[in-house]
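Q: Here is my input, please return the structure:
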Amino acid sequence: MTTETNAPDFGLARLRAAAALIPIIESGLANSKLAPERAALMGEFCLWASKSNYDDCAESQLLLATISEGLERMAQRLA
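A: Okay, the predicted model is just below:
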């Protein structure tokens, strides 16, 4: 017996990964274990992930807000 599964939503997975990366970057910067140049590159991934077109589901909107707030905090810290 076969079961149908939904195709994975790569965009939502990218958003989840970017949102999970924000606290890692902030922690690395706070502990001086992450170079600012590396943090900037990781932030670029988060920015790229947030710029793609996504469904207007509640989860994607929450993740986008989390990413944008985290990127703002990182920009202030790196300035």
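Q: Tell me the spacing between the most centrally placed residue in the chain and residue 32.
A: For the chain, residue 18 is the residue whose C-alpha lies nearest the centre (C-alpha atoms, centre = their mean; 1.7 Å). Here the distance between residue 18 and residue 32 works out to 23 Å (C-beta to C-beta, to the nearest Å). Yep, even glycine has a C-beta here, placed from its N, CA and C like the rest.
Q: Same check on residue 46?
A: Distance check for residue 46 against residue 32: by C-beta to C-beta, it reads 20 Å.
Q: Over to residue 15?
A: Where residue 32 is concerned, residue 15 sits at a distance of 28 Å (C-beta to C-beta).
Q: quick one: which of the two has more around it?
A: For residue 15 versus residue 32, the count of surrounding residues by other C-beta atoms under 10 Å is larger for residue 15: 24 against 8.
Q: other SSEs contacting the helix or strand harbouring that one?
A: Per DSSP states H and E: residue 15 is located in helix 10-30. For helix 10-30, the contact count by 3 or more C-beta pairs under 8 Å, 6 or more residues apart in numbering; DSSP states H and E identifies helix 36-51, helix 58-78 as packing neighbours.
Q: Ok, which of those comes nearest residue 23?
A: In this view, the helices and strands packed on helix 10-30 are compared for proximity to residue 23 by C-beta to C-beta, and helix 58-78 is the closest at 7.6 Å.
Q: who does that closest one touch, helix- and strand-wise?
A: Against helix 58-78 (3+ C-beta pairs under 8 Å, 6+ apart) you get helix 10-30, helix 36-51.
Q: which residues touch the longest one?
A: Contacts with helix 10-30, where a contact means C-beta atoms under 8 Å, 6 or more residues apart in numbering, come from 34, 36, 38-39, 42-43, 45-46, 49-50, 52-55, 57, 59-60, 63-64, 66-67, 70-71, 73-74, 77-78.
Q: Buried among these? Need that as a selection in ChimeraX.
A: To isolate the buried ones among the contacts of helix 10-30 in ChimeraX, judged by 16 or more other C-beta atoms under 10 Å, type:
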select :34,39,42,43,46,49,50,54,60,63,64,66,67,70,71,74
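Q: returning to that earlier point: want to throw the helices and strands packed on helix 10-30 into TSV with distance to residue 10 and mean pLDDT?
A: Formatted as TSV, the entries for those read as follows, by distance: least, C-beta to C-beta, whole Å; pLDDT from 0 to 100:
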stretch	distance to residue 10	mean pLDDT
helix 36-51	10	94
helix 58-78	12	93
